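Undergrad: Everything below, folded, please.
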Amino acid sequence: MLSDAPAYAKAQGETEAHRMLPNGMDIWHNEKVLSIEWDAAELKVIKFERGLWEQEVLMLAEGAPTQEHLAQRKL
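TA: As a prediction, this is how the structure comes out:
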């Protein structure tokens, strides 16, 4: 019975590590670059990678067209 303790502790840790909050958002830019989860009391940043996508998100938030938007208009 005592020999199962390490396996139990590992399983408990994995359960806690994968506990998801009720709200979430992922941003993809060829790969997942941002992943967050939240509820009324907590915000978790699961993944964050700096890159050019940050400027595009800021431009979208400000209502400015992105390079992709402009390219599509030319078509």
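Undergrad: Below-threshold pLDDT in this structure: ranges please.
TA: 1-6, 8-18, 75 (pLDDT under 70).
Undergrad: which stretches of it form helices?
TA: For the chain, the helices defined by DSSP state H occupy 5-17, 53-62, 67-74.
Undergrad: Identify all contacting residues around the shortest one.
TA: The reference is to helix 67-74. Residues outside helix 67-74 that contact it (CB atoms under 8 Å, 6 or more residues apart in numbering) are 56, 65. (Glycine included, C-beta is placed from N, CA and C.)
Undergrad: With the second one instead?
TA: Identification of contacts with helix 53-62 by CB under 8 Å, 6+ apart yields 27, 29, 33-34, 65-68.
Undergrad: For that helix, buried residues please.
TA: Buried residues in helix 53-62, counted by 16 or more other CB atoms under 10 Å: 53, 56.
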